[in-house]
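> With the sequence up front, the predicted model follows.
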Amino acid sequence: MKRPTWPSWMPIDPYVLLLLGTVGIAALLPARGTGADVASGAATAAVAFLFFLYGARLSTREALDGLRNWRLHLTVIACTFAVFPLLGLAAGGLVPYVLTPALYSGFLFLTLVPSTVQSSIAFTSIARGNVPAAICAGSFSSLAGIVLTPLLAAGLIGGHAGFSADSLVKIVLQLLVPFLAGQLLRRWIGPFVARHKKVLGLVDRGSILLVVYAAFSQGMVAGIWQQVTPLRLLALLGVEAVLLAAMLALTWFGAKRLGFGRADRVAIQFAGSKKSLAAGLPMASVLFGAQASLAVLPLMLFHQMQLMVCAVIAKRRSRDPEASADAAPPEAEQEPGPISRLERAAAAGTVVGTATRSG
């Protein structure tokens, strides 16, 4: 029996519909009392397991080899944790005329979140760029963000982010410790993870859905959604479109000015212009508490937008005259993530936004 597939003309990935459906369920049936505690605990455990799998997937040899390309990784780190926040601060002039203070706090927070892992790898592979560099750049950015994101949030967002030593410890325990545990156990469980990558991919999706449900349930109980109007959401989308366009241009032309070759520029553009939903959601839950649902709304919108736009760019990059057949590394060296859907979508010319393995 032929397996059913999502219609190629549909521009929205079914997982995005699941995200929207989860928000709808949280609006109609928010978790309260003991249910809220159970949902929060399940979301925390799922995210910890997600980062454990990230650690089990990343080859230690590839990570060590990637350190040799230190200029590329410093460029991605600078784009993620310096250029992005500067643009976020510049958008402060839009308050309160375009963005409300609460939406601006969420917008500024998204500029502080680390880069993605899986989607950066996927688009770099499609565009025939330096995939090992994308693997390492995304992973290093995620690890650096465990410390840098809460520190930057404390300094730039101030009272809206409940930063403390305790919150930093919680983030480290939830994200970094499981990742390191996965690295330590990779020798024994790595082959199993590679063989069951499709099944384990459900953990990526399920963990994000749990965090979204828990965060938006808190928002509904706290009654914060009266602060958002459709017009404000449209304004937010416009500001985020400008932000994404600016970062895509800066990473591409800036890397060229710095003397990077085409394959490295592709990795820098896709790793340096993205923000991670998987890392940002649990951090926001710890830092913002009951205000987390409004804080992560800009990140959720930006995440979908970046995937749709980068799917088109990656397809065009794959047809660059200077793109050689050996630009992409052998299949064995690539991260064993379910990126074939993105590759098929780009090859077919379909703009697909997928949150699968959002990184």
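Received the coordinates, thanks.
> Quick check: chain neighbours aside, which residue is closest to the spatially most central residue of the chain?
In the chain, the C-alpha nearest the mean C-alpha coordinate belongs to S276, at 1.6 Å (CA atoms, centre = their mean). Nearest non-adjacent residue to S276, counting by CB to CB, 6 or more residues apart in numbering: T116, 4.6 Å away. For the C-beta atoms, the positions are set from N, CA and C on the backbone; glycine is no exception.
> My reading is that the one you found lies in a helix. Confirm?
No: per DSSP: H, G, I helix; E, B strand; the rest coil, T116 lies outside any helix segment and is coil.
> Next, it: phi, psi?
The phi/psi pair for T116 (degrees, to the nearest 10) reads phi -80, psi 170.
> Kindly report the same for the one 4 residues further on.
Main-chain dihedrals, S120, degrees, to the nearest 10: phi -60, psi -40.
> Report the buried residues of the host helix or strand of A295.
Applying DSSP states H and E as the criterion places A295 in helix 292-318. Going by neighbour count (16 or more other CB atoms under 10 Å), the buried part of helix 292-318 is 292-311, 313-315, 317-318.
> Surely the residue nearest to S276 touches K275?
Yes: the pair T116 and K275 qualifies as a contact (CB atoms under 8 Å) at a distance of 7.0 Å.
> More neighbours: which of those two?
Between T116 and K275, counted using other CB atoms under 10 Å, the more crowded position is T116 (31 against 28).
> Tell me who's in contact with R32.
217, 221 (CB atoms under 8 Å, 6 or more residues apart in numbering).
> Quick one: distance of the helix holding A295 to the chain centre.
Centroid separation for helix 292-318 versus its chain: 9 Å, with CA atoms, centre = their mean, to the nearest Å.
> Adjust the sequence numbering to begin at 56 for everything that follows.
That works, and once the first residue is 56, the last one we named lands at helix 347-373.
> Kindly provide the distance from the residue nearest to the centre of the chain to P151.
For S331, the distance to P151 (CB to CB, to the nearest Å) stands at 29 Å.
> before we move on, what about P140?
P140 is 21 Å from P151, by CB to CB.
> picking up where we left off before, mind pulling up the pLDDT for the residue nearest to the centre of the chain?
On pLDDT, S331 comes in at 89.
> can you check F357 too?
92.
> go on, L165?
94.
> just L203 next, same as before
At L203, pLDDT is 92.
> neighbours around it, how many?
19.
> was I right about it contacting F136?
Yes: between L203 and F136 a contact is recorded at 5.2 Å, counting by CB under 8 Å.
> what is in contact with the two at once?
167, 169.
> just to revisit the earlier point, wait, the residue nearest to the centre of the chain sits on S170?
Yes: look at S331 against S170 with CB under 8 Å: they come within range, at 6.2 Å.
> is it true that S160 lies in a helix?
Yes: the assignment for S160 is a helix, going by three-state DSSP.
> That one is in contact with L352, isn't it?
No: with contact defined as CB under 8 Å, S160 does not reach L352; the gap is 10.6 Å.
> and the helix or strand containing A300 with helix 347-373, angle?
Per DSSP H and E: A300 is located in helix 285-312. Angle, helix 285-312 to helix 347-373, by axes from the mean of the first three to the mean of the last three CA atoms, to 10 degrees: 40 degrees.
> Remind me what helix 285-312 packs against, helices and strands.
On a contact count with 3 or more CB pairs under 8 Å, 6 or more residues apart in numbering; DSSP states H and E, helix 285-312 meets helix 139-145, helix 156-165, helix 317-327, helix 347-373.
> Just put those in CSV and tack on distance to T284.
CSV is the format used below for the helices and strands packed on helix 285-312 (distance: least, CB to CB, whole Å):
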stretch, distance to T284
helix 139-145, 22
helix 156-165, 10
helix 317-327, 33
helix 347-373, 13
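> if you average pLDDT over each of these, which comes out lowest?
helix 347-373 (a mean of 86).
> What helices and strands are in contact with it?
Counting by 3+ CB pairs under 8 Å, 6+ apart, helix 347-373 packs on helix 69-83, helix 156-165, helix 173-181, helix 252-277, helix 285-312, helix 317-327, helix 332-343, helix 395-403.
> what's the following helix or strand after the third one?
To tie it back to what came earlier, the one meant is helix 173-181. Following helix 173-181 toward the C-terminus (DSSP H and E): helix 186-211.
> Pull out the buried positions in that following helix.
Applying 16+ other CB under 10 Å to helix 186-211 flags 186-201, 203-205, 207-209, 211 as buried.
> helices or strands up against it?
Looks like helix 186-211 contacts helix 115-121, helix 125-133, helix 139-145, helix 173-181, helix 220-226, helix 317-327, helix 332-343 (3+ CB pairs under 8 Å, 6+ apart).
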